[in-house]
Every structure is written in structure tokens, then in C-alpha cells.
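Asks: How does the following fold in three dimensions:
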Amino acid sequence: MRALHFPKTCFALIVGIGLAISARAGADSVDVLEPFGGSAHPDAVVNTKFGELSATALPAERTLLAQATSAEDDVNDPLEPVNRVIFEFNEAVYAVLLTPIAKTYNTILPETMRAGVGNLVDHLASPVTFVNDLLQFELHRAMTTVARFVVNTVIGMGGIADVASGSGLEKHEEDFGQTLGVYGMGEGLYLVLPLLGPTNPRDAVGKYVVDPFFDPLGLYLSNTDRDAESWARTGVSAVDEYAGLVDELEQIKKTSVDYYAAIRSLYRQKRQTEISNGREEDLPQIPNYDLNFGPDSNGSIAGVK
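Replies: Residues are numbered from 1 along each chain as shown. Next up, the predicted model:
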């Protein structure tokens, strides 16, 4: 038997009737967008006039059918089922341990002290940046790294104060994963590591295998069996980095249809930007799932922006 196909206008009419029935529920009805952060105007009854439009007249990027990932993301994540399990495990650990610590850190320490901790962490990573600058033949940036290290060591209280940035010596970071990317090595498949989070084989080898050999302080602590100091440094670095992101990550989680896919795209774009040193290149698109179905300034309905 041949399948029945409704005309597009009938489909649009059904949608319009459904929205009209929902609107009659009144202000006492539950905001169905609450899992996504809620609508901007939950009590507003808006005439969408969907019944006057054909289904094909709605731009794809403005509908709730906008895809969380691009085709390139799908190809690049063959281990997605396993990655998602690890991702959920990480999120559970973060929620129980790292998030409370990070929020307490942000609450107790004044902004000036947190900036000082971050400056010191970045300062101690300067040798890694310097070596990778040289490996990428970025001699000007390498000299900037050296100048920053000297200025902040001498004038910036050992790196606690970032005096160099105020002198026009802007901070930048390099790692061996970026160096491999500069030389044309692809990122490979997307990975989520337990506790360590999103990465790929190129970046994982660069950060966790090669870069430690460029870190004099890390080598010293390791060779002198100062494990407590080494773990303390790692812990402070992790808390400082996560504390600077925790609020933004929570906002992304609230507004994302697929939090895993959003983080994956964000990580890939961030790495592409770092490898190109901020130059515009072909970057994977990151969907912004800002679901707002109240009337905007023009009186129309906002969708997926």
C-alpha cells in the first residue's frame, strides 16, 4: 500500500492549531522551555502566524531542528558512544568535587588574588611556550615570551603580577599539540579522557607526553621526588583554570540542546584558533542554542539564534 503524504500546507495548519491550543492554556501553564532555561516571556501569548506560512518558508537555522553537530563533527567522533559515557562520568565528578571547589575559590578569594594565582600559573609555564615558539619558528613571539618572563620575574613579584602586558608584551600560550598542528598534523579523532576532558591524539601526546620535557620546574620536582609539591601545582592549576570557566560552562549547559556536542565544537574551534594564532581560518560552526520564544524588539518570535 502506498504511504499517505500530507500537503505541506496541512502540516503547517496542524502546527498552527497546536500552538493556538497551547496559548489558551494561559499564564498558569508550565513553561515547556524550562529545561532550556525558560522563555524570556512565559506569560506572553504570541501570534506566530505559522498557519500562514508553508513549512519550507522557515529558514533551517531558525528552527528547533538545527543540528547540534556538523557532518564533519560526526566523522571526527567515531568513539562518540564511549566518549559520551566518559563525558557523563566527568560531569558527575565535576559536580561533586571540582565545581564546589571552584565556586568556593571564586567566592572566598578576591579577584586580585585570583588574578595573581593565574598569573603565576601562566608564568611557570613560560618555558613550554618559549620552546614551542622556537619549534614553530615564531622568533618574535619567542622573544616576547622571554621578555615577559624577565619583566614579570623582576618587577612582577616573581610572576604574580602581569606587569609585562601593561608594557605591550601580550601574553600567549603554545604547546606541542599546537606545534604539530602548525606543521600540518591533523587533530585525528575526538577523545574525552577521564577527568582530563576533551582532547584528541595529537593534543594529548603534545600536552601529556612531550611538553613535560620542556618544563624545568616540573622536571625538578619529579627528579627530586617532590610529589606533594608537584600534585599541589597540578591541583592549583586545575582549580584556577576551571574556576575561570565554571559560570560560562553552566550557562552553556542550560542553553544547549546537546551539551556534549556543544563542548566538542567549542574545543575544536578553540584549538583551531590557537594553532592559527588568532588568524581567521575555516572553523567548525558552533550552534548557539539560545532558545527565546518571547517577542523580540521587533515584535517577532526569536528562535535558535
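
Asks: Any chance you could give me the helix or strand where Pro127 lies in CSV, C-alpha atoms only?
Replies: Element membership for Pro127, per DSSP states H and E: helix 126-135. Extracted in CSV, the C-alpha atoms of helix 126-135 (Å, rounded to 0.1, in the frame of the first residue of the first chain):
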residue,chain,number,x,y,z
SER,A,126,56.6,30.2,30.1
PRO,A,127,59.4,27.7,29.2
VAL,A,128,56.9,25.4,27.5
THR,A,129,55.6,28.3,25.5
PHE,A,130,59.1,29.5,24.6
VAL,A,131,60.3,26.1,23.3
ASN,A,132,57.2,25.7,21.2
ASP,A,133,57.6,29.3,19.8
LEU,A,134,61.1,28.3,18.6
LEU,A,135,59.8,25.0,17.2
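
Asks: just checking, next helix/strand downstream of that helix?
Replies: helix 139-154.

Asks: May I see the buried residues of whatever helix or strand comes next after that following helix?
Replies: Counting by DSSP H and E, the element after helix 139-154 in chain order, helix or strand, is helix 163-166. Judged by neighbour count using 16 or more other C-beta atoms under 10 Å, the buried positions of helix 163-166 are 163-164. No exception for glycine: its C-beta is placed from N, CA and C like everyone else's.

Asks: can you tell me the helix or strand for Ser230?
Replies: helix 227-243.

Asks: which secondary structure elements does that helix contact?
Replies: In terms of contacts (3 or more C-beta pairs under 8 Å, 6 or more residues apart in numbering; DSSP states H and E), helix 227-243 is packed against helix 99-108, helix 111-124, helix 216-223.

Asks: out of those helices, deepest packed?
Replies: Each of the helices and strands packed on helix 227-243 was scored by mean neighbour count; the highest is helix 111-124, a mean of 16, by mean count of other C-beta atoms under 10 Å.

Asks: And the contacts of that helix?
Replies: 105-106, 109, 149, 152-153, 156, 158-162, 171, 173, 217, 233, 236-237, 240-241, 243-244 (C-beta atoms under 8 Å, 6 or more residues apart in numbering).

Asks: cool, stretch 234-250 as well?
Replies: 94, 98-99, 101-103, 105-106, 114, 117-118, 121.

Asks: let's see 10 Å
Replies: With C-beta atoms under 10 Å, 6 or more residues apart in numbering as the test, stretch 234-250 has contacts from 91, 94, 98-107, 109, 114-115, 117-122, 124-125, 195-197, 218, 252, 259, 262-263, 266.

Asks: just stretch 136-147 next, same as before
Replies: Against stretch 136-147 from outside (C-beta under 10 Å, 6+ apart): 126-135, 164, 167-174, 178-183, 275, 277.

Asks: Please tell me how far Ala115 sits from Gln251.
Replies: 22 Å (C-beta to C-beta, to the nearest Å).
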